[in-house]
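1. no sequence for this one, just the structure:
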């Protein structure tokens, strides 16, 4: 910041530090957490982030699942059955139901004598040629894992942004609480002086009543500021999971001069890293593109290499000789089979076009979402820069305002003690001093939050957070 801003900080801190120890919130008795530590605690505590992390691990496991889905298949079967053996030779559709024997019957008439039999088989299958389906499926799984990771990083980024904003707002409210405390002390002093002057007959009794009313007003303002501060701290507890007694901002070490919280070079116009808010939509488009490739490959022919063998026993023989059921329990025939098959649905062309069209439109939507996010982030940068310029100009003006208000109050206080002016003039001067202090705190908070917003929009949020000590 400018030298004038630093001079302003020194003036304000001279007033604030006198009352900081009188605040009911004693930072020195609590564990002190830096902004980076608060963010790290949120990453380990917030269920929303833990949920996103679990989804990332699930998506990573999906890559292995996709890779293993193309391993060879091998099925072993052992079957023991009993039933009749009446059938006719001829074709049939493989509709669901009882599986018929593939051979014809051996008896010209129906014979319901039970037949025992057992059969064991082993069959293996491997997709010999996938025409790129395997690679497309694995690529799609990786794209989905990348999208899940980007979703986690986006959510983490938003939580970091919220915590950083809370951090500066809490600091601002702490300083405002100190200003209100100082204001209370000023009105207590006014009330004591007015009572003394009223008792000696120098001033009318209405002065002490006005001073008491002003004191009550400042107490109400202090209570409201304390409530607002506690609500902000509660929100920080919700995000970080740190118990209330351990949350404290080290306001005793903050100089407000720009030295402690310097962010020089971190609010540059260029982006140093990939912004997670943009990267999520970029990954979403990549995932739809991968899905499109998978759809194209899914409707291509399949070349399958299959091999198997089976052994079978039956209690009825080819000569229409029904043996005892026990004789059907042993294996009597051995067969084997191997071959290469190709399958293709003749209507796959239409199915592929329909599916690809759906995915193309989704990819277009993701691309537009990315463009919208980029537009919003650029707009936020522009607005943040404007806020920084305004805050800087106001901070340059703050020394004159604070010095004039402080001089005016001291002069009015001396004049009131001497009976030269009435209490209204002193109250006006006190109000101007309090307002000058409040304006400075609000302007400084505006400068930091605008710098935070600019860093977040530019993708420099992590660097910004690490710079805060």
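-> Thanks, I have the structure now. As the structure is a computational prediction, the values presented were derived from the model and not from experiment.

2. Buried residues, the longest strand along the chain. List them.
-> Selection of the longest strand in the chain by residue count, based on DSSP state E, yields strand 115-129. Within strand 115-129, the residues scored as buried using 16 or more other C-beta atoms under 10 Å are 115, 116, 117, 118, 119, 121, 127. C-beta: built from backbone N, CA, C; applies to glycine.

3. List the neighbouring strands of that strand plus their orientation.
-> Strand pairing for strand 115-129, using DSSP bridges, gives strand 73-83 (antiparallel), strand 302-314 (antiparallel).

4. remind me which residues of the stretch 101-250 of the chain are low pLDDT?
-> 101-106, 198-206, 244-250 (pLDDT under 70).

5. Would you map the helices across it?
-> With helices called from DSSP state H, counting those that start in this stretch, the stretch 101-250 of the chain shows them at 133-199, 206-240.

6. and these as CSV, adding mean neighbour count and distance to residue 447?
-> CSV is the format used below for these (neighbours: other C-beta atoms under 10 Å; distance: least, C-beta to C-beta, whole Å):
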stretch, mean neighbour count, distance to residue 447
helix 133-199, 20, 10
helix 206-240, 17, 19
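
7. Work out which residue lies at the spatial centre of this structure.
-> By C-alpha atoms, centre = their mean, the mean C-alpha position of the chain lies nearest to residue 155, the distance being 1.4 Å.

8. doesn't residue 52 make contact with that residue?
-> Yes. Using C-beta atoms under 8 Å, residue 155 is in contact with residue 52, at 5.4 Å.

9. and for those two, which residues touch both?
-> The overlap between the contact sets of residue 155 and residue 52 (C-beta atoms under 8 Å, 6 or more residues apart in numbering) is empty.

10. and the one helix or strand residue 394 maps to with helix 206-240, angle?
-> Per DSSP states H and E: residue 394 is located in helix 348-417. Counting by axes from the mean of the first three to the mean of the last three C-alpha atoms, to 10 degrees, helix 348-417 lies at 150 degrees to helix 206-240.

11. Give me the angle between helix 348-417 and helix 133-199.
-> Helix 348-417 runs at 10 degrees relative to helix 133-199, counting by the same axes, to 10 degrees.

12. Can you name the next helix or strand after helix 348-417?
-> Sequence order places helix 423-458 as the next helix or strand after helix 348-417, per DSSP H and E.

13. Give me the helices and strands touching that next one, please.
-> helix 3-20, helix 133-199, helix 206-240, helix 348-417, helix 461-467 (3 or more C-beta pairs under 8 Å, 6 or more residues apart in numbering; DSSP states H and E).

14. Throw those helices into a markdown table and include distance to residue 291, thanks.
-> As requested, the helices and strands packed on helix 423-458 are arranged in a markdown table below (distance: least, C-beta to C-beta, whole Å):
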| stretch | distance to residue 291 |
| --- | --- |
| helix 3-20 | 53 |
| helix 133-199 | 6 |
| helix 206-240 | 35 |
| helix 348-417 | 5 |
| helix 461-467 | 31 |
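
15. of those helices, which approaches residue 340 most closely?
-> helix 133-199 (17.0 Å; C-beta to C-beta).

16. how far out from the middle of the chain is the closest one?
-> 16 Å (C-alpha atoms, centre = their mean, to the nearest Å).

17. who does it touch, helix- and strand-wise?
-> By 3+ C-beta pairs under 8 Å, 6+ apart, helix 133-199 packs against helix 3-20, helix 35-45, helix 47-68, helix 206-240, helix 276-298, helix 348-417, helix 423-458, helix 461-467.

18. Much appreciated, bye for now.
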